[in-house]
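Asks: give me a model of this one.
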Amino acid sequence: MSEQTTSRKRDADGGERLFLVIADDSPELEAALTFACLRARNTGGRVGLLRVIEPADFQHWAAVGNLMREEGRAEAEQLLQHLAGRVMEIQGKYPVLFVREGDRKEELLSLIDEEPDIRVLVLAASAGAKGPGPLISFLTKKIIGRMRVPVTIVPGGLTTEQIEALT
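Replies: Now for the predicted structure:
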């Protein structure tokens with residue numbers, strides 16, 4: 001588990017308003033990222049990006065498992081750097097980056113519990129026929145009432161212009 005940060009502006013209560021986005025491989029990521037960047041820019045907050053590396057299943061061959069873990073870490077860092085560039089384009093501030101290893105749902109909930117600066121979780125719903133996506137389904141059916149932060153669900157099919165009009 002690691003965190004890369006730059007200097008943070010603090011709210012009146014000593015914290016920084018982070019809009020957390022899950023950095024996954026979904027097509028809806030762009031909608032969530034754009035919404036979070038614009039809300040952060042308009043409210044003086046900042047974007048946080050979380051990438052969770054799923055653990056390797058090669059536990060009986062430690063060397064293979066370690067190599068897979070290192071490759072997953074390198075891919076996560078490369079994706080986060082790419083997305084950080086996008087955040088800089090939209091918001092003008094470097095995001096707070098989080099990389100965790102484990103189950104995506106568990107790591108997300110743990111991070112929210114551990115990081116008081118996270119004030120909003122921003123997710124984008126799939127526009128497909130299969131439903132909003134597994135993470136949104138999990139959160140809205142089982143966890144939402146126990147969350148300490150609001151969850152903003154952005155329709156994944158919105159264009160940048162539509163998102164700009166909303167924020």
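Asks: check which element follows the lowest-mean-pLDDT helix or strand in the chain along the chain.
Replies: Ranked by mean pLDDT, DSSP states H and E, the weakest helix or strand in the chain is strand 2-4, scoring a mean of 42. Following strand 2-4 in sequence order, the next helix or strand is strand 18-22 (DSSP states H and E).
Asks: dump the next helix or strand after that following strand to PDB, restricted to CA.
Replies: Note on strand 18-22: by DSSP H and E, the next helix or strand toward the C-terminus is helix 29-43. The C-alpha trace of helix 29-43 is given here as PDB (Å, rounded to 0.1, in the frame of the first residue of the first chain):
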ATOM      1  CA  LEU A  29     -14.000   5.800 -16.100                       C
ATOM      2  CA  GLU A  30     -13.800   8.900 -18.300                       C
ATOM      3  CA  ALA A  31     -17.200  10.100 -17.100                       C
ATOM      4  CA  ALA A  32     -16.400   9.600 -13.400                       C
ATOM      5  CA  LEU A  33     -13.000  11.200 -13.800                       C
ATOM      6  CA  THR A  34     -14.400  14.200 -15.700                       C
ATOM      7  CA  PHE A  35     -17.200  14.800 -13.200                       C
ATOM      8  CA  ALA A  36     -14.800  14.500 -10.200                       C
ATOM      9  CA  CYS A  37     -12.300  16.900 -11.800                       C
ATOM     10  CA  LEU A  38     -14.900  19.500 -12.500                       C
ATOM     11  CA  ARG A  39     -16.500  19.200  -9.100                       C
ATOM     12  CA  ALA A  40     -13.100  19.500  -7.400                       C
ATOM     13  CA  ARG A  41     -12.100  22.500  -9.500                       C
ATOM     14  CA  ASN A  42     -15.400  24.200  -8.800                       C
ATOM     15  CA  THR A  43     -15.300  23.600  -5.100                       C
END
